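**Student:** give the three-dimensional model of this entry:
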Amino acid sequence: MSHQTAPDPTRRGTRIAHIGVAVPSLDEILPFYRDVLGMPETPLDDADGARIAGLVVGESLVELLEAATPESPIGKYVAKRGPGIHHICFNVDDLDGALARCRAAGIRLIDETPRIGAEGKRIAFLHPSATAGVLIELSEY
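**Tutor:** Numbers count the residues shown, from 1 in each chain. You can find the predicted model right below:
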């Protein structure tokens, strides 16, 4: 007979928070997502040298990221790779615990310790060399 514990209502589990899409111009692409696809806009703070437009998709967001300057991370990304998916952000219940598990698994971290990101949330990025080429952001709920 197995013993199952009741789910902890304070833990939500890992979920997609947002997908960050690097774009050359918010003004040019925002109407496609907002007007053609019907995604409602939500206000987001600019961060890390990027102008950010947020669009609601179910319980997740699409963040359109336009470089504020060519030297910003998004500016460098678009110059090198062109527009496209920049990163995927996962919400986790315990960011410190998730980073500890990543370290134990040998996952290369960009942020060794959490930092404050957009909207004042604690975040940390994982290096794409350790995640099949995908830049992953972890964010605490």
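**Student:** switch to C-alpha atoms for all contacts and neighbour counts from now on
**Tutor:** Fine.
**Student:** what's across from the residue most central in space within the chain in the sheet?
**Tutor:** In the chain, the centroid-proximal residue (CA atoms, centre = their mean) is C89; its distance is 2.9 Å. Applying DSSP bridges to C89 gives these bridge partners: H18, E137.
**Student:** so where do the strands sit in this structure?
**Tutor:** Using DSSP state E, the strands assigned to the chain run over residues 15-23, 41-42, 50-57, 60-67, 84-92, 115-116, 122-126, 136-140.
**Student:** what lines up beside the helix or strand bottoming out on mean pLDDT in the chain in the sheet?
**Tutor:** Every helix and strand of the chain was ranked by mean pLDDT, DSSP states H and E. The lowest is strand 115-116, at a mean of 94. Sheet partners assigned to strand 115-116 using DSSP bridges are listed as strand 122-126 (antiparallel).
**Student:** can you list contacts of the partner strand?
**Tutor:** 95, 107-117, 135-140 (CA atoms under 8 Å, 6 or more residues apart in numbering).
**Student:** in PyMOL, select just the buried ones from those residues.
**Tutor:** To isolate the buried members of the contacts of strand 122-126 in PyMOL, using 16 or more other CA atoms under 10 Å:
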select buried, resi 95+107+108+109+114+135+136+137+138+139+140
